[in-house]
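Enquirer: got a predicted model here, sequence first, then my questions.
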Amino acid sequence: MRGRGGATVTNAGACLALGQIESDAMQLSSQAATISSPAEISSESRWKRLSHSVGCMVLAGLAVRLLYILIAHSYRFRTNDANFSFGWEIGRIAYSLATGRGFSSPFGGETGPSAWTAPVYPWIVALSFRLFGLYSHGASFFMLLLNSVFGALTCWPIVRIARRVFNERVAVCSGWIWALFPYTVYWSVRWVWETSLTALLLALLFMLTLNMEGDARLTSWLGYGLLWGVVGLTNPSALAFLPFSGLWLTFQLYRRRRAVVLPAIVGAVVFWLTLMPWLVRNYEVFHRPVFVRDNFGVEFRGGNNPLAEGIWVAMYHPSQNPLLFAQYKRLGEAAFAREQGGLARQWIVEHSQKFTLISLRRFIFFWDGLPSGTTTAEWMQEHKTKAATRVFWPVIYRPDGTPRQGLVTLLEQIKPSLFLASSLLSIGGLILAWQRRIQGGFLFAGLVLCYPLIYYFTFPHPRYRHAIEPELLILGVYLIAEARPRPELQGTDTLPRFEEVDAVPTFHTLSIIVPVYNERGTVMKLLRQVAAQPISLHKELVIVDDRSTDGTREYLQEMDLERALGEHGRNTVRLVLHEKNMGKGAGVRTGFEHCTGDIVLIQDADLEYDPGDYPELIRPILEGHADAVFGNRFHSGSHRVPRFYRYVLNRLFSVMCNMLTGMSIHDVTACYKVFRRELLQQMHLRSDRFSVETEMTVKVAKLNARVYEVPIVYHGRTYAEGKKISWKDAWVALYDLVRYRFTD
């Protein structure tokens, strides 16, 4: 937890440019009037696949980091401090581990057992020492390369989180910015510390928390508890997010009326079992409980002392003060940390007003960046052998050796401005997500509010914020993406007027409810078509098996649906099983109970309806025109010709429904119906069988919703091919039409 110089530029530059780049690109594309050739279309499709590929982002990010290490020779740490800058305390502990002295001596010498840092990363550094030599260039290159792998892999959870919570555009932009932007690269290639590993693990946990929404499987909670245990053994400061993520997951189980207590207990037990060996070791060594690390008192004193101004005071740390180091050796680590913590608390009591003021400064420094101790020109004078100095010396200095003062002043003003801009963008994105009640906004808020708290009372450093930079980056990109003008709405005056809001609502997830009964031969083909549809929203497939008897149920249970249909994070898949056959309407209700999307679409599993119609079905809702969209099978376009009597009965039933509801829907009984979630929540559906189509139509009319119709492709089946609706369902639908119109 010590601050020792570091980069103070962030991803703000890339974020600020993003809006203009996207706006210009869309304006150019809207002006294109020529038809592309097949070769051009293929090339564009290939480029789009590559630009949206997480694998490409990871490889590009790793390549950039590796090139920096090789070109800047960042693996050559200085040796005039007895190699202390190679990992600092972690490096010293790793040295002790590699030389057989155990987890000890964080400042060198022989000072006895230690819990100064969490154990995971020192063991990794010790492994590099054993493989490549103590403090060797090979060991440092290995560690920086490993950090680069951690940093590049962070692109994967970033894209998955952004796709799940926001949309594809935010996901792609966030992933590429993380892969290539210099600030996100810096910590991987300059510091031998757990910074990049913590950012990766915390992003993975954030992603896993979102993916486990409503998941009561004990295996999932076992893995969740295990990963949190690894995080605790890597950087216990990240555990500040644990209460929020755990409460959010248990609440999602509770609201779905699923088991809560047992999964939570399993996760908690595995978490503590993961920590327990290290906690037992600490108790045996220090003869008192020590939760992972014991140096909090020293770090607390480093930020709260007579010289405190809101940043780390080096002379209050044993690595920088020989007197304190001698005291550390004499008292032992645990007693020394307790004494320093007591002195810090005593100073706070005696200087409460100054402590309050300094804490406010620390809050500002965390989000605005630390004040610079030296200018760029001064830093270059002190580090003339650095690659950056050799490259930029002609830019900063005139031929006579004097600095270009105007440029130096400008740079000193830009650096903190960029850091602050990235913070403001992230906070603005969080506020916007909260206002729009985006699923997952609570998790972002919990992370942003609670993770930095400890640094408001000790001292901040840009390195400490890096652990939550992936989530901050996503929020900043989201704000810019939403602030960009919508080209399709510019220059039009034909949009319907909104009664409650003036802005087009933003949607992030399309929930597709698929009731299934005895569709063994068609269900996976249909589901793969659904999963592959290229729409901008995250797709959530909720498959409800209505106690199938032809092997469909067992087939779905045996399949790895997340792997088969997940599309590398673009889709979420849930399988829900009915214990008895209840009908399509019950399947729709069950599916709605388990879905989380802003838009809900109903899809039969029999291949009669084409998922290729999804873009047109959801377009009226996305553009703000409609609250519900109905598919229409009876149109002038291409479709399978229905039986005459079936066509007549469908048309007669639609006419009767229109007479009773005052609407003019052409195809009441079509499967394809799409609703805004808020509208579907107000319907309180009750039908169990096929008459749910009638109930939804009547209740949409009674709620005065805006309804659009869209022509759809229909491949109707015969009874010999497996069609299930019968004459009995027709009479029930007629009865429900009257019942729901006048009584419910």
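Expert: Noted; the coordinates are in hand.
Enquirer: what's the weakest-modelled helix or strand in this structure?
Expert: helix 12-31 (a mean of 42; mean pLDDT, DSSP states H and E).
Enquirer: which non-adjacent residue is nearest the spatially most central residue of the chain?
Expert: Nearest to the centroid of the C-alpha atoms of the chain, with distances taken as C-alpha atoms, centre = their mean, sits Ile161, at 2.5 Å. Spatially, and ignoring its direct neighbours in sequence, Ile161 is nearest to Met207 (5.2 Å; C-beta to C-beta, 6 or more residues apart in numbering). Where you see a C-beta, it was placed from the backbone N, CA and C, and this is true even at glycine.
Enquirer: next one: the helix or strand where the one you found lies to chain centre, how far?
Expert: Using DSSP states H and E, Met207 sits within helix 195-211. The chain centroid and the centroid of helix 195-211 are separated by 8 Å under C-alpha atoms, centre = their mean, to the nearest Å.
Enquirer: with stretch 604-614 instead?
Expert: For stretch 604-614, the distance to the chain centre is 30 Å (C-alpha atoms, centre = their mean).
Enquirer: what's the answer for stretch 280-290, then?
Expert: Here the centre of stretch 280-290 is set off from its chain's centre by 36 Å, with C-alpha atoms, centre = their mean.
Enquirer: what does the average pLDDT come to for that stretch?
Expert: Stretch 280-290 shows a mean pLDDT of 94.
Enquirer: list the buried ones in the helix or strand following the helix holding Met207?
Expert: Helices and strands here follow DSSP H and E; after helix 195-211, the next one along the chain is helix 218-232. Buried residues in helix 218-232, counting neighbours by 16 or more other C-beta atoms under 10 Å, are found at Ser220, Trp221, Leu222, Tyr224, Gly225, Leu227, Trp228, Gly229, Val230, Val231, Gly232.
Enquirer: elements contacting the helix or strand just after helix 218-232?
Expert: Per DSSP H and E, helix 218-232 leads on to helix 242-255 as the next helix or strand towards the C-terminus. Packing partners of helix 242-255 (3 or more C-beta pairs under 8 Å, 6 or more residues apart in numbering; DSSP states H and E): helix 195-211, helix 261-286, helix 441-450.
Enquirer: can I get the CA coordinates of helix 242-255 in CSV?
Expert: Only the C-alpha atoms of helix 242-255 are listed here, as CSV (Å, rounded to 0.1, in the frame of the first residue of the first chain):
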residue,chain,number,x,y,z
LEU,A,242,-17.6,-9.1,-1.5
PRO,A,243,-20.6,-8.0,0.6
PHE,A,244,-22.2,-6.2,-2.3
SER,A,245,-21.7,-9.1,-4.8
GLY,A,246,-22.8,-11.7,-2.3
LEU,A,247,-26.0,-9.8,-1.3
TRP,A,248,-26.8,-9.1,-4.9
LEU,A,249,-26.6,-12.8,-5.8
THR,A,250,-28.7,-13.9,-2.8
PHE,A,251,-31.3,-11.3,-3.5
GLN,A,252,-31.6,-12.5,-7.1
LEU,A,253,-32.2,-16.0,-5.8
TYR,A,254,-34.8,-14.7,-3.3
ARG,A,255,-36.8,-12.7,-5.8
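Enquirer: so of the helices and strands packed on helix 242-255, which one's packed in deepest?
Expert: Ranked by mean neighbour count, the helices and strands packed on helix 242-255 are led by helix 195-211 with a mean of 23 (mean count of other C-beta atoms under 10 Å).
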